[in-house]
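> Take a look and give me a structure for this.
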Amino acid sequence: MGSGNNLGLKYVKTDYAIILNPDVILESNTLDEIITASKNIESFAILAPLSTNKNYPNYKIDKKTEAKVNDKLPFEVKSVDGYAMVLNLKKINQIENFKNSNFFDENIFMYLENDDVCKRIIDNNEHIFVIPSSKINHLGAKGVNEMYAYEVELSRNWHWIWSKFYFNKKHYGFLFAFFQCFPGFLSSIIKFLFYSVLLKHKKKKIHLQRIKGFINALLGKKSSYRPEINNY
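Presented below is the predicted three-dimensional model:
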């Protein structure tokens, strides 16, 4: 995702660009509401619509700030999900580590690439807002043919723990990353052995992927796993 976004953003000649995943549905006024809000916000690096699924908010926010959120007015957040985000390229390009179209960290194959972008923006004292009057529906994991569902699940489990380790190591250090990810690694070893005894091969393989993802990240290896789809 990150590499593809970077490639596309190199060709953008305007001050703003919107990133959308293929599995999202916009409402009739989604973009209009963002444009209107952008004219009333003094300074921002990223704007995002609000997910219609209240059980899975598309943003992260401090608990203290969350209590003050108004469901009608734009509110500032720590990060937004990457499936829908408007980038203020003019603003972001002024940040040193974003120059030369270095928006997304291409070491990440999937997961947390958007968190990485947002953290780098926040660390440079720029601002990210969610626009509650602008709604979006994220279907979730619908951008891939269902016939590849199991391979996607294997890929998801490998990359989630790899990306979690890499992200935390990059921003907080090796030891922090290790202690953040080790409980999940240990849990996967136990579940791998459990499903091996039960001969649940598909479940066993999922947890093996988590184990491999953690070990590869721990050893500083690249995010190398790719789904095996040639046999389908």
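> And the next helix or strand past the host helix or strand of S187?
S187 is located in helix 174-197, with elements delineated by DSSP states H and E. Sequence-wise, the next helix or strand downstream of helix 174-197 (DSSP H and E) is helix 201-218.
> what comes up buried for the lowest-mean-pLDDT helix or strand in the chain?
In the chain, the helix or strand scored least confidently by mean pLDDT, DSSP states H and E is helix 63-66, which has a mean of 72. Residues of helix 63-66 include none that count as buried (16 or more other Cβ atoms under 10 Å). Any C-beta I mention is one placed from the backbone N, CA and C, and that applies to glycine too.
> Quick one: list the elements packing against the helix holding S187.
helix 149-172, helix 201-218 (3 or more Cβ pairs under 8 Å, 6 or more residues apart in numbering; DSSP states H and E).
> Give me the distance between the shortest one and the centre of its chain.
Okay, so that is helix 201-218. Averaging C-alpha coordinates over helix 201-218 and over its chain gives two centres that are 20 Å apart (Cα atoms, centre = their mean, to the nearest Å).
> If you count neighbours, what's buried in that helix?
204, 206-214, 216-218.
> Following the record's annotation, map out the domains of the protein.
2-138, 146-218 (automatic domain parsing).
> rank those domains by pLDDT, which is bottom?
For the domains of the chain, mean pLDDT drops lowest on domain 2-138, to a mean of 90.
> Just the terminal-to-terminal distance for that one.
From its first residue to its last, domain 2-138 covers 19 Å (Cα to Cα, to the nearest Å).
> quick revisit: redo the helices and strands packed on helix 174-197 as TSV? Include distance to G4.
Below are the helices and strands packed on helix 174-197 laid out as TSV (distance: least, Cβ to Cβ, whole Å):
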stretch	distance to G4
helix 149-172	15
helix 201-218	21
